[in-house]
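Q: sharing a model that was predicted from the sequence below.
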Amino acid sequence: MYEILLVVYLVVALALVGMVLIQQGKGADMGSSFGAGASATVFGSSGAGNFMTKTTTILASIFFVLSIVLGNLTAGQIKKTDEWENLEAAPAVETIAPAADDVPVISTKEKSDVPN
């Protein structure tokens, strides 16, 4: 259920961004009188604002409702403990020093590539 709502939320968010980007601003009609060609819209001169405004309003309402629903679903989940929550010092680890007989001794009688 959560995953389905999340996918719908993302699709609505992308559709809302697209609808906002294709709308004309309030000052866009001013350029059409000087030959900018902004008056030739897909929905006509008066129908575009009404259709676009209603669609944007509906998408925004769905977006906010889904945001609240997803927020409530997420708040009910068990949270994973944070590793930075407990910053106490870790217990000391005992290090074992190598014994003298563990270190290999190089024989000086053999000729070596290592300079002395």
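A: Nice, thanks for sending it over.
Q: got the buried residues for the longest helix seen in the chain?
A: Looking across the chain with DSSP state H, the single longest helix is helix 47-75. By 16 or more other CB atoms under 10 Å, the buried positions in helix 47-75 come out as 52, 56, 59, 62, 66. For every residue, glycine as well, the C-beta is placed using N, CA and C.
Q: relative to Val17, which of the residues you listed is nearest.
A: Leu59 (9.4 Å; CB to CB).
Q: roughly how far does the closest one sit from Tyr2?
A: According to CB to CB, to the nearest Å, Leu59 and Tyr2 sit 21 Å apart.
Q: same question for Lys54.
A: According to CB to CB, Lys54 and Tyr2 sit 30 Å apart.
Q: also Val8?
A: As judged by CB to CB, Val8 and Tyr2 stand 11 Å apart.
Q: cool, and Leu66?
A: 11 Å.
Q: try Phe64
A: Noted for Phe64: a distance of 18 Å to Tyr2, by CB to CB.
Q: name the element Leu21 belongs to?
A: Assigned by DSSP states H and E, Leu21 belongs to helix 2-22.
Q: between that helix and helix 47-75, how many degrees?
A: Helix 2-22 runs at 150 degrees relative to helix 47-75, counting by axes from the mean of the first three to the mean of the last three CA atoms, to 10 degrees.
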